[in-house]
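K.L.:
Got a sequence here, can you build the structure:
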Amino acid sequence: MAAARSSGRNAGLSESDEIIKTARTFIGLLGKPTFSAASKAGLINFLEEVIKSRQQVTNMNQPDAMTEQGQAGIANQLNAIEQKLNELKVVTTTNSAKVDELKTTITTSSERTYVQVAATVAAPNPSVRIMRRQQAEEAKRERAKFQFTLSIKSVSEDAKKELGLQHPKEITARCQHAIDKANLVSTPKV
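P.N.:
Alright, predicted model coming up:
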């Protein structure tokens with residue numbers, strides 16, 4: 001019984017399937033008491049083909065067996081990767097410089113951030129409180145120069161009712177009219 005050689009293998013079987021099928025055939029023949037010379041020759045040829053196919057697979061996986069075109073493609077890819085890395089280094093350096101510039105701008109800026117303002121409001125020292133109080137009193141005195149109060153103590157009940165029914169804009173317009181009719185050095189606007 002001669003084993004099928006890989007050169008005459010079936011079209012439907014893969015190379016691996018063919019090798020397995022042939023190896024099983026030879027294992028069966030080795031189990032029989034008589035092993036013919038033709039079977040021995042077939043086994044030798046089969047084993048040599050297996051060795052050759054294994055060497056080809058091994059050579060294909062080694063870089064030395066790589067074609068010039070494959071090596072050139074890998075070299076191009078490595079060059080492209082190196083170029084991208086250089087570009088990333090430039091971008092990183094530029095961004096680092098911009099971050100440093102922003103830090104400098106933020107720390108030297110005369111405008112305070114919300115966090116800075118909140119920190120001073122949350123725990124103001126006594127001198128800040130005194131200064132704020134003085135500023136509030138000064139603003140109150142400044143407003144007092146330009147404020148006036150209408151009093152209706154000496155006005156009749158009918159006039160009080162009429163003033164209560166009027167809109168504040170109308171009352172303001174009547175006050176402005178009275179100021180304009182008075183002979184004052186300067187005529188303030190209400």
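
K.L.:
Assign a three-state SS to the residue of the chain most remote from its centre, would you?
P.N.:
The outermost residue of the chain, judged by C-alpha distance from the chain's mean C-alpha position using Cα atoms, centre = their mean, is Thr34 at 75.7 Å. Thr34 falls in the coil class when you classify it by DSSP: H, G, I helix; E, B strand; the rest coil.

K.L.:
cool, Ile152 as well?
P.N.:
Following three-state DSSP, Ile152 is assigned to coil.

K.L.:
next one: Ser186
P.N.:
Counting by three-state DSSP, the backbone at Ser186 sits in coil.

K.L.:
Check what pLDDT it gets.
P.N.:
Reading off the per-residue confidence, Ser186 sits at a pLDDT of 79.

K.L.:
same check, this time on Glu101
P.N.:
83.

K.L.:
Tell me which helix or strand comes right after the worst-scoring helix or strand of the chain on mean pLDDT.
P.N.:
Within the chain, confidence by mean pLDDT, DSSP states H and E is lowest for helix 114-122 among all helices and strands, at a mean of 68. Remark: after helix 114-122, the chain's next helix or strand is helix 126-146, criterion DSSP states H and E.

K.L.:
what pLDDT, on average, does that following helix get?
P.N.:
Average pLDDT, helix 126-146: 85.

K.L.:
what does stretch 76-84 give?
P.N.:
85.

K.L.:
Can I get it in PDB, CA atoms only?
P.N.:
Coordinates of each C-alpha in stretch 76-84 appear next as PDB, following Å, rounded to 0.1, in the frame of the first residue of the first chain:
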ATOM      1  CA  ASN A  76       9.100  53.200   4.900                       C
ATOM      2  CA  GLN A  77       6.800  52.400   7.800                       C
ATOM      3  CA  LEU A  78       9.500  52.900  10.400                       C
ATOM      4  CA  ASN A  79      10.500  56.200   8.700                       C
ATOM      5  CA  ALA A  80       6.900  57.400   8.800                       C
ATOM      6  CA  ILE A  81       6.600  56.500  12.500                       C
ATOM      7  CA  GLU A  82       9.900  58.300  13.200                       C
ATOM      8  CA  GLN A  83       8.600  61.400  11.400                       C
ATOM      9  CA  LYS A  84       5.400  61.300  13.400                       C
END
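
K.L.:
Against Thr104, how distant is the residue farthest from the centre of the chain?
P.N.:
When Cβ to Cβ, to the nearest Å is the yardstick, Thr34 and Thr104 sit 95 Å from each other. In short, each C-beta sits where N, CA and C put it, glycine included.

K.L.:
For the residue most central in space within the chain, give me phi and psi.
P.N.:
By Cα atoms, centre = their mean, the mean C-alpha position of the chain lies nearest to Asn95, the distance being 14.9 Å. When read as degrees, to the nearest 10, the backbone of Asn95 gives phi -60, psi -40.

K.L.:
show me the residues around it that make contact.
P.N.:
Asn95 sits next to no residue when contact means Cβ atoms under 8 Å, 6 or more residues apart in numbering.
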